[in-house]
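In: Could you work out the structure for the sequence below:
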Amino acid sequence: MRRLSEVAQGRDNNFTLIRLAAAVAVLVSHAVPLTQGRGVPEPLERWTGHSLGTLAVYVFFVASGFFVAGSLERRGVGGFVLARARRILPGLAVSLLLVTFVLGPLVTSLTLQAYLAAPGTAAFLVRGLLPLHPLYTLPGVFPDNPYPKVAGSIWTLAYEIVCYAALALAALVPRGRGWAARAMLAAYALAWLAAAAAGPALPEKLARLQDLSLPFVLGVLAWHLRARIVLSGPLALGLAGLAVAAAGGPAGFPALILALGYATLWAGYAPCAAGRALNRLGDYSYGVYIYAFPVQGLVVWWLGPHDPALNVALALPATLVFAVLSWHLVERPALQARRSPAGDAPRTLRGP
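Out: Sure thing, here's the model as predicted:
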């Protein structure tokens, strides 16, 4: 059996494919509320308590924690921050500009002058570029859609940025002080358990941070413990069985994240010709992430009430076109504009 440290080198992996599959899963999941309204559960959520999109986001955060921990180790804090900014902001900025000044004027119920003058138009753009507190709607855009948000998927960026910031702060502790790292990990575990004990009393944003931070921290730990982690298909199945057995109990969520995280890493380095081939084409997952929601909303605005499957069938091809263009015209040029001295391009999560 291989250890994770033996394979976690270079770009010979399936994570481009995994991220793309996760981004498409989020698109499929969003088709239900976008066509039927907020609060309508999708089939998987009714059966398991977790939507397909939610599980895909956890996969994103596990992969993110794993790869950004390596990026931070190679680049240092300053280089890490610049790399994260180059990966997130250029593609996000272009998508927000297109949504604000192309899609918005085409579909808004307001006059063009009123739309451009409305405070919400500028606020959507500015707050989206500072994604810790984004605005999800535009004046007069999709008001009659069952779910009238225009850019609903970017909410995860705020939590990812918080995780990045916490990791960068932890990296400021001088090397060689293992006790400090263990103390920080113990503090996180205690805080997570306290949040879990609070249950419904926990504010929504803290509850989301609690959920999303766990797969991210698991990914970070996997990077630092990679020499001790064995990749095994039977072990992945065993952890999945443990998660099923623990479902509904107090250990259910940690067991789910452990199983999902391990399976993500195992699949990321399993032999897969399609995964390796996609690495040569480009990483389109972030483009799918930032363009899927407005494209799906546009389909709903255009057709009116329709089935989620039809929404996926019409929105996915158009979203993939935008994602491919975003990668080749915006994202990859931004990443290549200034590489690290070692010539490493960031290989991290491109968002949920």
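
In: Gly233: what's it in contact with?
Out: Contact analysis of Gly233 by C-beta atoms under 8 Å, 6 or more residues apart in numbering lists Trp266, Ala270. For the C-beta atoms, the positions are set from N, CA and C on the backbone; glycine is no exception.

In: Count the neighbours of Pro250 for me.
Out: A count of nearby residues for Pro250, using other C-beta atoms under 10 Å, gives 11.

In: Quick check: closest non-adjacent residue to it.
Out: Spatial nearest neighbour of Pro250, chain neighbours left out: Ala196 (7.5 Å); criterion: C-beta to C-beta, 6 or more residues apart in numbering.

In: what's the neighbour count on the one you found?
Out: Residues near Ala196, counting by other C-beta under 10 Å, number 16.

In: likewise Asn311?
Out: Neighbours of Asn311 (other C-beta under 10 Å): 24.

In: can you check the one 3 residues further on too?
Out: Leu314 is flanked by 19 other residues according to other C-beta under 10 Å.

In: His306 versus that one, what's the distance?
Out: From Leu314 across to His306, the span is 9 Å (C-beta to C-beta, to the nearest Å).

In: Show me the common contact partners of those two, please.
Out: Shared contacts of Leu314 and His306 (C-beta under 8 Å, 6+ apart): Val299.

In: Tell me which stretches of the stretch 201-350 of the chain form strands.
Out: With DSSP state E, counting those that start in this stretch as the criterion, the stretch 201-350 of the chain has strands at 230-231.

In: Can you list the low-confidence ranges for it?
Out: With pLDDT under 70 as the threshold, the stretch 201-350 of the chain has low-confidence stretches at 338-350.

In: Could you do the stretch 51-200 of the chain as well?
Out: Along the stretch 51-200 of the chain, segments meeting pLDDT under 70 span 175-178.

In: Helices of that one, residue ranges please.
Out: 52-98, 104-107, 112-117, 119-129, 155-171, 178-198 (DSSP state H, counting those that start in this stretch).

In: buried ones in the second one?
Out: It stands for helix 104-107. For helix 104-107, burial by neighbour count (16 or more other C-beta atoms under 10 Å) applies to Gly104, Pro105, Val107.

In: Need those in JSON lines (columns: distance to Pro174).
Out: JSON lines is the format used below for the buried residues of helix 104-107 (distance: C-beta to C-beta, whole Å):
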{"residue": "Gly104", "distance to Pro174": "49"}
{"residue": "Pro105", "distance to Pro174": "53"}
{"residue": "Val107", "distance to Pro174": "54"}
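
In: And the contacts of the helix or strand hosting Glu45?
Out: Taking DSSP states H and E as the definition, one finds Glu45 inside helix 43-48. Residues outside helix 43-48 that contact it (C-beta under 8 Å, 6+ apart) are His50, Ser51, Leu52, Thr54, Leu55, Ala247.

In: same thing but at 6 Å, please
Out: Ser51, Leu52 (C-beta atoms under 6 Å, 6 or more residues apart in numbering).
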